[in-house]
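[1] 3D model of this:
(2 chains)
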Amino acid sequence: MSKDSNGHIEIINKTENEIKEINKLNQVVLQTIKLTKKFGGLIAVNNFDLKVYKGEISSLIGPNGAGKTTVFNVVTGIYQADGGKVIFKGEDLAGKKPHQIIEKGIARTFQNIRLFNNMTCLENVMAGQHCRSREGVRSSIFRTSSQRKEESEIREIAKRRLQQVGLWKYRDELAKNIAYGNQRLLEIARALASNPDLLILDEPSSGLNDKESEDLVKFLKDLLKENLTILLIEHDMNVVMGISDWVTVMDEGKKIAEGKPEEVYHNPIVIEAYLGKEEEEES
Amino acid sequence: MKLNENTILKNWPIFLVIALLAVSPFMMNNYWIDVFFFFGIYALLGLSLNIVLGEVGLFDLGHMGFMAIGAYTTAILNTHFGIPIIFLMPVSALAAAGFAWLVCSPIIHLRGDYLCIVTIGMGEIVRLTLINNPFGITGGPNGVFGIDFLSFGGPLVIDTSIESYFVIWIIVGLSILGLINLQRSRIGRAWNCIREDEIAAESTGIDVRYYKLLAFVLGAGLAGVAGNIYASKLMIVSPESFTFMESCMLFCIVLIGGMGSIPGVLIGSAAISLFPEVFRTFAQYRMLIFGVAMVVMMIFRPGGIWPRKRGAIEFKSLLPKAGEDNV
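    Here you go, the predicted model:
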């Protein structure tokens, strides 16, 4: 069997069952197969194939308007796909709602930070554990002992996550009042609170200065030790090259290249997509 | 929460209010006791709307419809079948909650002003249906009369002003306890998350549809209880008590007090129910003063008189070792 540069077994011209077997060997956590999403006449994502391997940091890059965020929104259930499949840990996610998908183990952050602004940082992270807690209305109204126990577990986990991103000292501040960079970290902490298998980050370094994005890179690398897989959309090439194990390049809704960061970096098709053709530049 | 000296000292304003409410009826005439009874009814209704409007941020301008369902359930079952009021209290709550579930299920995905308009329609449909006397059971515009007093069996009949005063305020007190517990639970957090950002809430694992419906069902159930007490106190229910204007008043209670704030709701309902009595001499200009007060308040305190403070969450049982605190 032929292998690609990262040691993943290639799946060219294989039947569906063979693909399943190979994915198990490759430890593919998330896969999209011929994913298509249309908005009216515009095809935002066109037969897009993406693979995310377990325990790696994968990046999805591409010029503005390439459809990266749309892919994320389809994967996390905010949009329904018009065609193709999203397979997570061997399970088709079609028709699942966002709150069911996070329960399956995919947590995400947003490009333009979406925190619960008028709640404290601690409450934000506690809310992140919603899908991992079970107590219902009756036990909450009467504050039963099992409900109190679960609440204290939620607080404990929230505390650990806040300490992990270094925001414990801001726990009682409203989320809208902390600095922009910290808001990004808080959003990651909230996503981590659900104890996900796959963390999807939508441009985590946008709006951060060099020092902050450097810290972020270090932080994300540390996260891999927790048996986590990370998929990110990124514009900042330094971040992408610095941490990615696998890069998929997208343009106009299609996959145009994939491979190790350095391969992709020197790939003429990718350079063309980013910078345009040479003739065009001259004219 | 155990009731020891410390908690009394820390929360002295709360205990002062409770003590005042417990003592004051013995120093008032029956008229003022009744005014305070209606203050209690408004407080209960305000608390019920606060779940929907304050906690989840859903614009509900037909909340009186739920109370009407509760009040008429009590009135009809009591006058036709002679079922005691006390048993009808949970029945009314369930009827109103069930009605809310039925009506709100198909409209729950609507946002902001769209939901607002549909709830206005819902409240009006309830009122018009009652006026049209379906199957001859609602008594048309005259309503249903001859409803029994609330009775706990034997000589324990709530037939004086002072007794009904205590009934309503005890129920308000119990509701507040339950609602505070809810606010501090994952359910309260989920509601607030939906109010803050629906898409983020959904992506955080909160079933937005379920929790919105839950808010409507609980709010309607509480309004149904208010309807039950109201019906047995007045002994008559008629459609004119459940007008759109009354729903607006409830809306004002929550807005004046502060969205999602329980003390705020109490202040708001005090403003709505006591204000007209205090200014009875200016009866003609009442709405004028009220309007000006609303405008001034919205300019200077847009978050309400007593907005909810999101304080520190207690960690006492889990405090880490010293020094670990500022990681």
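
[2] how about stretch B:207-215 as CSV, C-alpha atoms only?
    Below are the C-alpha coordinates for stretch B:207-215, written out as CSV (Å, rounded to 0.1, in the frame of the first residue of the first chain):
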residue,chain,number,x,y,z
ASP,B,207,-30.6,22.3,23.6
VAL,B,208,-32.0,25.8,22.9
ARG,B,209,-35.4,24.6,21.9
TYR,B,210,-35.9,22.5,24.9
TYR,B,211,-34.8,25.1,27.4
LYS,B,212,-36.9,27.8,25.8
LEU,B,213,-40.0,25.6,26.0
LEU,B,214,-39.1,24.7,29.5
ALA,B,215,-39.0,28.4,30.4
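
[3] Check the offset of that stretch from the chain's centre.
    19 Å (C-alpha atoms, centre = their mean, to the nearest Å).

[4] likewise stretch B:121-131?
    20 Å.

[5] can you check stretch A:66-73 too?
    With C-alpha atoms, centre = their mean, you get 11 Å for stretch A:66-73.

[6] and it, anywhere near chain B?
    No: applying C-beta under 8 Å from any C-beta of the partner chain, one finds stretch A:66-73 separated from chain B by no less than 9.6 Å. Placement of C-beta: from N, CA and C, glycine included.

[7] for that stretch, what is the average pLDDT?
    This predicted structure assigns stretch A:66-73 an average pLDDT of 90.

[8] Now the residue in chain B that chain A sits nearest to: which helix or strand?
    Residue of chain B nearest chain A, by C-beta to the nearest C-beta: B:G205 (3.0 Å). Under DSSP states H and E, no helix or strand contains B:G205.

[9] Now do the same contact list for it.
    A:99, A:102-103, A:128, A:130-132, A:194 (C-beta atoms under 8 Å, 6 or more residues apart in numbering or on different chains).

[10] Name the residues of stretch A:27-40 that come out as buried.
    For stretch A:27-40, burial by neighbour count (16 or more other C-beta atoms under 10 Å in any protein chain shown) applies to A:28-33, A:35-37.

[11] Between the two ends of stretch A:161-180, how far is it?
    18 Å (C-alpha to C-alpha, to the nearest Å).

[12] Give the rounded mean pLDDT of it.
    92.

[13] Check stretch B:148-156 too.
    For stretch B:148-156, mean pLDDT is 80.

[14] With stretch B:165-183 instead?
    93.

[15] Buried ones in that stretch, by neighbour count?
    The neighbour-count check on stretch B:165-183 (16+ other C-beta under 10 Å) flags B:165-169, B:171-172, B:175-176, B:178-179, B:181-183 as buried.

[16] still on that earlier bit, what's the closest non-adjacent residue to the residue of chain B closest to chain A?
    A:C131 (3.0 Å; C-beta to C-beta, 6 or more residues apart in numbering or on different chains).

[17] Mind telling me what element the residue nearest the centre of chain B is part of?
    Geometric centre of chain B, nearest residue: B:L45, 2.3 Å, by C-alpha atoms, centre = their mean. B:L45 is located in helix B:30-49, with elements delineated by DSSP H and E.

[18] I figured A:V125 hits A:R161, correct?
    Yes: contact criterion C-beta atoms under 8 Å: A:V125 and A:R161 qualify, at 5.2 Å.

[19] Perfect, that will be all.
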